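In: from the sequence below, what's the structure:
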Amino acid sequence: MKLTILGGGGFRVPLVYSALLRDHDAGRVTAVALYDTDARRLTAIARVLQEQASAHPDAPVVTLHTDLDDALRGADFIFSAIRVGGMGGRACDERIGASHGVIGQETVGFGGISYALRTLPVVMELTERIAKLAPEAWVINFTNPAGVVTEAMSRVLGDRVIGICDSPIGLARRVLGVLGLQSADATIGYAGLNHLGWLRSLTVDGRDVLPDLFASPDLIETFEEGRLFGREWLSALGAVPNEYLHYYYFTREVRHADQLAVQSRGAYLVEQQARFFDELGHSDLAALQNGSAPQVGSVPRVDSAPQVDSAPQVDSALQIWDRTRMERETTYMAANRESVGMGERDPDDLISGGYENVAIALMRGIAHDQRARLILNVRNRGTLDQLDADAVVEVPCIVDSSGAHPVSETTLPDFGVGMVVNAKYVERQTIEAALTGSKTAAVRALAHHPLVDSVTIAGALLDDAMEEFGELAYLR
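Out: Predicted structure coming up:
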């Protein structure tokens, strides 16, 4: 099978490739096409994959592409993981939000809407090319804000686009861990939208074990979400919220922590990415001198990791990437943790939520009819009564050769109904703004978001975003 990754120069691509390397079953992915508009980033990430592959004789062959059509042709599956405006765009959203006293995080509130408005026009162009050049391919969307982007793509691709997020599976894994259970043994009950959902049940051997958590208050604050939300609030809900709901439940505290922070999350990542690609650039230079650096269109496969003869010895590309990844994970949602006095992350929380493994299971389920139950972003199809059939929701699904099918008994908690319905309206207005160029729809989206507390501020936020981002010139 051929897998094409749009945004192939993205930092998390090695996680996907590592999952492919662990898959040795018949019918596995054997070819990976990385597409990116930035050849420098593409080549740098390819060096990491080159080292990952060195110990695997059957590693999928990787090709690099800056031509979209070449990357798409012949694809069986397509991962969409693009970032329009780069990490600098995220930092800018955070700065604009802070200047108006609102949270600018990249997937919720103003930041999420701004990010979607500059991303959706590009995504829809990609979607049209996919429909033309790879109409039989299945698209797995990682591009944030994932629910909005998946729903917009579904208007062209229908059910052949499926969104993935690692937050729900990571949450379930952590809860099961404190209960001393294995995640593979559990049926996860989860309902909501992307970055706005709740873990409602965990069934093991026919019994829901989630009440065991609330029956043992001392356990609640021994895992990430328990410390983030607190035992009293989780006990009051009788469910465990997705970590991103901290922005909604503790808005004032997060905003205060943002104000006290030395720099925003986006600004930190801008600096970290610059260091990362600079280090990889030096590694590329050394490899070029040895004649082994991969070029665009080549196959980045070598028998062993490249060595640099000069002293002092520099880290390999894979070592640089892994060190950088751990730094990113350690500082993830730092302002939220600071707002409740959590301190450093627990080492167990640094483990990937496993979206790359979910992606492999999803591909195998579809390509080889290997039935699986996964939490995915798909069209509602009557699953959540409060939303229409075409609304993309994040719910448990059964995957088989015909696609992903939401589990019918999924329900929202009563306290989450209003939040979900309102959030879906905001998402729909954002999509309307992006697809029609309506500035009015964009203002409606911002003004109705609970993290934007003034119509006047909504308009000011959009004006500042339009002034900062040339990509938003289409809004009228």
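In: Gly111 against Gly97, yeah?
Out: Yes. Counting by C-beta atoms under 8 Å, Gly111 touches Gly97, with 5.9 Å between them. Using the backbone N, CA and C atoms, a C-beta is placed for each residue, glycine as well.
In: lowest confidence element among the helices and strands of the chain?
Out: When the helices and strands of the chain are compared on mean pLDDT, DSSP states H and E, helix 334-339 comes out lowest with a mean of 65.
In: which parts of the protein are strands?
Out: Assigned by DSSP state E, the strands in the chain fall at 2-6, 31-35, 61-65, 77-80, 138-141, 161-163, 186-193, 196-204, 207-208, 240-241, 372-379, 392-400, 403-406.
In: what about Thr411, how many neighbours?
Out: 16 (other C-beta atoms under 10 Å).
In: revised request: answer the last question for Gly416.
Out: Gly416 has 23 nearby residues by other C-beta under 10 Å.
In: pretty sure it contacts Leu193?
Out: No. Using C-beta under 8 Å, Gly416 makes no contact with Leu193, being 9.6 Å away.
In: joint contacts of Gly111 and Gly97?
Out: Shared contacts of Gly111 and Gly97 (C-beta atoms under 8 Å, 6 or more residues apart in numbering): 103-105.
In: tabulate the CA atom coordinates of stretch 183-195 in PDB.
Out: As requested, the backbone C-alpha atoms of stretch 183-195 are provided in PDB (Å, rounded to 0.1, in the frame of the first residue of the first chain):
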ATOM      1  CA  SER A 183      -6.200  -0.300  27.700                       C
ATOM      2  CA  ALA A 184      -6.400  -3.200  25.300                       C
ATOM      3  CA  ASP A 185      -9.000  -4.800  27.500                       C
ATOM      4  CA  ALA A 186     -11.400  -1.900  27.700                       C
ATOM      5  CA  THR A 187     -14.300  -0.600  25.600                       C
ATOM      6  CA  ILE A 188     -14.200   3.200  25.800                       C
ATOM      7  CA  GLY A 189     -17.300   5.200  26.000                       C
ATOM      8  CA  TYR A 190     -16.600   8.800  24.800                       C
ATOM      9  CA  ALA A 191     -18.700  11.500  23.300                       C
ATOM     10  CA  GLY A 192     -18.400  15.000  22.000                       C
ATOM     11  CA  LEU A 193     -16.500  17.000  19.400                       C
ATOM     12  CA  ASN A 194     -12.800  17.200  18.800                       C
ATOM     13  CA  HIS A 195     -11.100  18.800  21.900                       C
END
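In: give me the number of residues near the residue nearest to Asn377 when sequence neighbours are not counted?
Out: Closest residue in space to Asn377, ignoring its immediate chain neighbours: Gly163 at 2.8 Å, by C-beta to C-beta, 6 or more residues apart in numbering. A total of 28 residues lie near Gly163 under the criterion other C-beta under 10 Å.
In: OK, contacts around Gly163?
Out: Gly163 touches 140-142, 146-147, 149-150, 194, 376-378, 392, 394, counting by C-beta under 8 Å, 6+ apart.
In: can you lay out those residues as TSV showing neighbour count and pLDDT?
Out: As requested, those are exported to TSV (neighbours: other C-beta atoms under 10 Å; pLDDT from 0 to 100):
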residue	neighbour count	pLDDT
Ile140	26	97
Asn141	31	97
Phe142	24	93
Ala146	22	96
Gly147	28	97
Val149	30	98
Thr150	30	98
Asn194	30	97
Leu376	27	97
Asn377	26	98
Val378	25	98
Val392	28	98
Glu394	29	98
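In: closest to Phe469 among those residues?
Out: Closest to Phe469 out of the contacts of Gly163 is Val149 (17.0 Å), distances taken as C-beta to C-beta.
In: can you give me phi and psi for the residue lying closest to the closest one once chain neighbours are set aside?
Out: Spatially, and ignoring its direct neighbours in sequence, Val149 is nearest to Thr143 (4.8 Å; C-beta to C-beta, 6+ apart). For Thr143, the backbone dihedrals (degrees, to the nearest 10) come out as phi -70, psi 130.
In: relative to His449, how far out is Ile457?
Out: 11 Å (C-beta to C-beta, to the nearest Å).
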